[in-house]
Structures are given as structure tokens and as C-alpha cells.
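>>> starting from these lines, generate the structure:
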Amino acid sequence: MKLASLKSGRDGRLVVVSNDLTRATDATHIAPTLQAALDRWELFSGALSDLAEGLAHGSVPAFRFHEHDCASPLPRAYQWVDGSAYVNHVELVRKARGAELPESFWTDPMMYQGTSDANIGPRDAVRVASLDHGVDCEAEIAVITGDVPLGATREQGLAAIRLVMLVNDVSLRNLIPAELAKGFGFLQSKPPSAFSPVAVTPDELGDAWRDGKLHLPLMTAINGHAFGQPEAGEEMTFDFGTLIAHAAKTRPLSAGTIVGSGTVSNRDPDGSPGRPVGEGGRGYSCIAELRMVETIRQGKPKTPFLGFGDTVRIEMRDRKGHSIFGAIENRIEPAV
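Purely as a prediction, here's the structure:
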């Protein structure tokens, strides 16, 4: 089942979307918004699934689905926590500045809590106050949970996953060092993120969804040029069940919590930092990682961060080449 929120009011209008992303049908007679459906998932999910089946068979009213009409699946969410499940990415960050990676990073996930009250639509602009902030994209996988109890286990975390989607976790790289130096985490350096047009139930992903991971390439393009295509399942040190359990260690999570994977990252087969797509590698999911590799290999970075007018496209396709979640495509524009 694929669900989307068309732009309408502050929380969108819930629709069910066809598997091929060409048609949709109104679902507001079941639940007006995705958050309302998540709040009573056990009651509403069956009816939404029946509606999806009716859409597939052409037995319910339908209209043309346009990704540009979509808000984020959850235009505003109760909570957005983002992990760093790909330790390769963290290791590169530290190696570029000559720091060793603590052993605990392989057993204890890193996670921050970001803004979630104004999530960006999949085809909306990313507006920033200044390019001096170092604007970067981060292509990631995210899940939306149902209610998760305090102290949940990994298994309880996996069972709580309701939907899967993609995210462009926008980062302002030049603001991060000063914020982290305060010892009090991210705030200004993590503005709103953009999410894919549709969110899908795990069963929709078939055997690509296993062990709490999504085993498909995540594709990023910048200004129409391939930038990254890492395999999302290969080097994910912490699966989503583990990430959810980590977030719930000292707090319950409300239905509608979004949990991110962190930047998807792969090494080369020989264990060295990944190579750019143009050199036959899998590339990167953020500019910062390419700059780290440039620093390691050449002594300094040469690739600039994003500028006004640049466009980032993030998408995932199934083994037959069909888009699963639709595409995130954000243009960087000044906040005026």
C-alpha cells in the first residue's frame, strides 16, 4: 500500500496511490490525514488496504497522481529523530580531520532530534538564508512508526514500523562545528527536511525489505548528473529496529514518529573510501562525504556545497527499474 498527502491545509489530504504512481484515490472518508490514520492504524489500515486493492482493480473513483501536488507524507510530525546507521560515513568524517573512530560507535548508534513541524514537500524549494552556511543534501531512508513503548526492544521496534519513505536531510555544514563545540547538539545547522511523495508499507517492498533494512540502491543526482547510488542495505550497521529501540530507551514514541537511517554510505570493495560515480564507484549521498574523500586523498576538499539554483534529486527504484516512492527534487533558493 502506498499513501500520500496532497497539499491541503497544514496536514495534507490523505490519498491512496497506485503501485505505479500514476493514479490515486481519495481516502479522507477513512481518515482525513495520514496522522489520523497512524493514530488508529489497527482500525484504519485494513480499510486503506481494501481501498488500495480497489484502486488496483479500477473499482473505485481515481484521478491522475502528480508528485508535484504532494506535501511531505507527514507535513508536520510529532517527532523526527535521525540516526547515523552507516558507520562508514562517520568514520570518513573523523578520518578527514585525523581523529580515530571510538569502538563504541560500532555498538551504540548516534542520533539527533531534528525539526519536524514544517517538513518540506518532495518537489518544493529548500530555502536558505545564506550560502555561507554550507548547504548540503543527505539522501536517507526513513520509517514512520506507530506507538512505541518506553524501553522497547529491537523486535518491538520492527513491529512498530508502519511506513517507509525517503528523505533529503538538509544540512548546513558550516554551522555544525560551532554548534557541536558547545556540546549541546544540532539546532541551527539542521533546518527542515524534505520527504518522498509517497510512503509505503513494508510488505510493498517485497524481499528488498528484510532484517529491518531496505536492500536497494539509493540514487542521488545533482543538477541532472549522477552523484550517488550506494546500496542501502549493505553497510547499514544498525537496522531500523535497533534505531527505534535506541530512540525509545528513555521515552515512548508517539504514532507518527519519523526515524531516519542517516546518510547512506558504502566503501569500495577493497575497504577504501568510496569512489565517485564518474570513476566507476557508487558515489555518495551527500557532498560532505565527497569532500572528506577529497581531503583524505588530496589534502583538501575541492567540491563546493550547493548554490542557489542547484537541484537535488533523490529516488529509489525496484529491481525492474520502477520508482517506488516517487522522487524528491528540491531546488535551492534564497529565503526571501
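
>>> tell me which residues of the helix ranked longest in the chain come out buried.
Ordering each helix of the chain by length in residues (DSSP state H) puts helix 41-57 first. Going by neighbour count (16 or more other C-beta atoms under 10 Å), the buried part of helix 41-57 is Trp41, Phe44, Ser45, Leu48, Leu51, Ala52, Leu55. Quick note: C-beta positions are derived from backbone N, CA and C, even for glycine.

>>> for those, which one is nearest Gly121?
When the buried residues of helix 41-57 are ranked by distance to Gly121 (C-beta to C-beta), Leu48 comes first, at 21.5 Å.

>>> quick one: that closest one and Ile30 touch, right?
Yes. Contact criterion C-beta atoms under 8 Å: Leu48 and Ile30 qualify, at 5.8 Å.

>>> returning to what we had before: give me the contact list for the longest helix of the chain.
Identification of contacts with helix 41-57 by C-beta atoms under 8 Å, 6 or more residues apart in numbering yields 1-3, 16-19, 23-25, 27, 30-31, 36-37, 60, 62, 146, 162, 255.

>>> avg pLDDT for the helix or strand following that helix?
Note on helix 41-57: by DSSP states H and E, the next helix or strand toward the C-terminus is strand 63-64. For strand 63-64, mean pLDDT is 98.

>>> show me what strand 63-64 is packed against.
strand 23-26 (3 or more C-beta pairs under 8 Å, 6 or more residues apart in numbering; DSSP states H and E).

>>> which helices and strands sit right next to the strand it packs on?
Checking 3+ C-beta pairs under 8 Å, 6+ apart, strand 23-26 ends up next to strand 13-17, helix 41-57, strand 63-64.

>>> redo these as a markdown table? Include distance to His89.
Listed next are the helices and strands packed on strand 23-26 as a markdown table, based on distance: least, C-beta to C-beta, whole Å:
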| stretch | distance to His89 |
| --- | --- |
| strand 13-17 | 31 |
| helix 41-57 | 32 |
| strand 63-64 | 38 |
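
>>> of all the ones you listed, which one is nearest Gly326?
Of all the helices and strands packed on strand 23-26, strand 13-17 sits nearest to Gly326, with 8.3 Å by C-beta to C-beta.

>>> could you dump the closest one to PDB, C-alpha only?
Taking Å, rounded to 0.1, in the frame of the first residue of the first chain, the C-alpha atoms of strand 13-17 are listed here in PDB:
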ATOM      1  CA  ARG A  13      -5.300  15.300   2.400                       C
ATOM      2  CA  LEU A  14      -4.800  11.600   2.600                       C
ATOM      3  CA  VAL A  15      -4.900   9.600  -0.600                       C
ATOM      4  CA  VAL A  16      -4.000   6.000  -1.600                       C
ATOM      5  CA  VAL A  17      -1.700   5.800  -4.600                       C
END
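
>>> wasn't Val312 part of a strand?
Yes. Assigned with DSSP: H, G, I helix; E, B strand; the rest coil, Val312 falls within a strand.

>>> count of neighbours near the closest residue to it other than its chain neighbours?
Excluding its sequence neighbours, the residue lying closest to Val312 (C-beta to C-beta, 6 or more residues apart in numbering) is Cys137, at 4.4 Å. By other C-beta atoms under 10 Å, the residues close to Cys137 number 31.

>>> Gly58 too?
Residues lying near Gly58 (other C-beta under 10 Å) number 10.

>>> mind checking how far it is from Ser18?
For Gly58, the distance to Ser18 equals 10 Å [C-beta to C-beta, to the nearest Å].

>>> which pLDDT value belongs to the residue lying closest to Leu175 once chain neighbours are set aside?
Spatially, and ignoring its direct neighbours in sequence, Leu175 is nearest to Ser189 (3.9 Å; C-beta to C-beta, 6+ apart). Predicted confidence (pLDDT) at Ser189: the value is 96.

>>> shared neighbours of Leu48 and Ile30, anything?
Shared contacts of Leu48 and Ile30, counting by C-beta under 8 Å, 6+ apart, come down to Ala37.

>>> how far out from the middle of the chain is stretch 49-62?
Computed by C-alpha atoms, centre = their mean, to the nearest Å, the chain-centroid distance of stretch 49-62 equals 28 Å.

>>> also stretch 257-275?
Relative to its chain's centre, stretch 257-275 lies at 13 Å (C-alpha atoms, centre = their mean).

>>> for that stretch, buried residues please.
The neighbour-count check on stretch 257-275 (16+ other C-beta under 10 Å) flags 257-267, 273-275 as buried.

>>> relative to Arg282, which of the helices and strands packed on strand 23-26 is closest?
Proximity to Arg282 (C-beta to C-beta) singles out strand 13-17 among these, at 29.0 Å.

>>> which residues touch the closest one?
The contact list for strand 13-17 (C-beta under 8 Å, 6+ apart) reads 1-7, 23-28, 30-34, 36-37, 48, 51-52, 55, 65, 198.

>>> any quick PyMOL command for the buried ones out of those residues?
Applying 16+ other C-beta under 10 Å to these, the buried members can be selected in PyMOL as follows:
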select buried, resi 1+2+3+4+5+6+23+24+25+26+27+30+31+32+33+34+36+37+48+51+52+55+65+198
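
>>> all set, thanks.
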